[in-house]
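*Asks:* the following comprises the amino acid sequence and a computationally predicted model.
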Amino acid sequence: MKSIRQLAMLVAMICAGAAHADINVGVTLSTTGPAASLGIPEKNTVALLPTTIAGQKVNYIVLDDASDTTQAVKNTRRFITENNVDLVMGSTITPNSLSMIEVVADAQTPMISLAASSRIVEPMDAKKKWVFKTPQNDIMMSLAIVQNMVDNGVKRVGFIGFGNAYGEGWFTEFSKAAALKKVEIVANERYAPNDTSVTAQVLKLMSAKPDAILIAGSGTPSAVPQRTLKERGYQGKIYQTHGVANADFLRVGGKMLDGTLLPAGPVLVAAQLPADHPVRKVALDYVAKYEAAHGKDSVSLFGGYAWDAGLLLQAAVPVALKKAKPGTPEFRAALRDALEGLKNVNGVHGVYNMSPTDHLGLDQRARVMVKIENGAWKYQP
C-alpha cells in the first residue's frame, strides 16, 4: 500500500512539473556578418520581450547565425534537439529563413521568420504550414514604390539587387508591379552583399538612361550602389527597399542618401503618423521602450519585426495552453494552430489577421512611404 501511495505522489509531482513547464523559444539572428545592422536591433528587442506569458515562464535562447544559411540551419537543429523549443524565431534574412523551413517542418515546430520574402510563407504547403512571418511581403512594398514612381513621372527604371534570394524575390515582385503600372524596367543588375565595388553594374545602369533606380538590398551593403551612383553623377530618383530602414544605413550613407525614397513599416515614423492610425499607439510604446534602452532615434524596422513576433506569441500562447502543456508535441501543434487563428493583433508594423492561407496577415495599413532628409526619416502622406 505504501509503495502505491509513493507512486501516486511521484506521478502527481511529475504532472505538477509538466503543468509549470517553461516555454522555450529558440531565436537565431544575424548579429554578425553582412546583415548585422538588421540582426543587432532584433537581438536588442528580444531582450525587451516579456519573460512570462499567461503565467508561464518564457526562455529565449538566442544564437548568432552570422548571416550564413548553414549556421542558421545548425542553430535551428540545436534548438530542436538540445533545447526542445516550442517555437523558433528568425532568421533575420531571407536565405537563412528559407533554409530553416525544412528543419522546423520535419520537427513540427512553429517558426516566426523576421525576413521579408513572400516565398517564406507562399505558396502554402505541408511544410510552410509551420511557418509565419512579420515583415511585409515584397509585392506590397513594390506596389507602393511603383505608385510613387508613377506619381513622380517615372517611366523607365533600372534595378540593382543582391544576387541572392532577397534580390531575386524583389525583382520578381517589382517586375509584376511595374508591369501593372506600365513602368519599363530598362536594366537589371546584381551584386553580392559583401561587394565593395559595383562600378561595372552602375555604368550599365546609367547607360540605359533610367528615370529612377531601385536598389534591392538590405542593411548597410545597400549603400554601396547608391554611393557609386552619386559619385558617377546620376541625377535621377533613387529608391531603396524596406530592408535598409535602420540608423546604421543612415550613418553609413550620410548626405548621399538625401532624397532617397522607400516604403517602410509605420513604426519607423510612429510619431509622425496620423492620430487615428491603428499602429500609432503600439508603435510609440515600443519606440519608448527601445529608446530608453538604446538611445534616441535608435529604432529600426528590424527590431520592430522581432517585437511583433513577440506580440503574436503573447496572443497565441494563452490559446495553446488550453489544449496542451509546453515542451510537448501537442503544445507545439496547438501553438501553430493558435498563430494561424489570430485576428486583429495590433503590431508596430500593422494589424495581423492570420488564416490557413495567409501566414503574414498584413494589409495596406502595414506600409507608408518615407523620404530621407538630412539624415532622418520623413513620413510622406
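*Replies:* Okay, I see it.

*Asks:* after the longest helix anywhere in the chain, which helix or strand is next? Please name it.
*Replies:* Ordering each helix of the chain by length in residues (DSSP state H) puts helix 301-321 first. Next helix or strand after helix 301-321 toward the C-terminus (DSSP states H and E): helix 329-340.

*Asks:* chain center to the longest helix of the chain, what's the gap?
*Replies:* Averaging C-alpha positions (Cα atoms, centre = their mean, to the nearest Å) puts helix 301-321 13 Å from its chain's average.

*Asks:* buried stuff in that helix?
*Replies:* By neighbour count on 16 or more other Cβ atoms under 10 Å, the buried set for helix 301-321 is 301-313, 315-317, 319-321. Where C-beta positions appear, they are placed from N, C-alpha and C, glycine not excepted.

*Asks:* that helix - contacts with which helices or strands?
*Replies:* On a contact count with 3 or more Cβ pairs under 8 Å, 6 or more residues apart in numbering; DSSP states H and E, helix 301-321 meets helix 36-46, strand 52-53, strand 56-64, strand 87-90, strand 111-113, helix 280-294, helix 329-340, strand 345-346.

*Asks:* again, only this time at 6 Å
*Replies:* On a contact count with 3 or more Cβ pairs under 6 Å, 6 or more residues apart in numbering; DSSP states H and E, helix 301-321 meets helix 36-46, helix 329-340.

*Asks:* pLDDT at the nearest residue to residue 153 once chain neighbours are set aside, what is it?
*Replies:* Spatial nearest neighbour of residue 153, excluding adjacent residues (Cβ to Cβ, 6 or more residues apart in numbering): residue 211 at 7.3 Å. For residue 211, the model assigns a pLDDT of 98.

*Asks:* for residue 211, phi and psi?
*Replies:* phi -70, psi -30 (degrees, to the nearest 10).

*Asks:* number of residues surrounding it?
*Replies:* 18 (other Cβ atoms under 10 Å).

*Asks:* what's the angle from the longest helix of the chain to helix 329-340?
*Replies:* Put simply, helix 301-321 runs at 120 degrees to helix 329-340, going by axes from the mean of the first three to the mean of the last three Cα atoms, to 10 degrees.

*Asks:* could you measure from residue 142 over to residue 123?
*Replies:* 18 Å (Cβ to Cβ, to the nearest Å).
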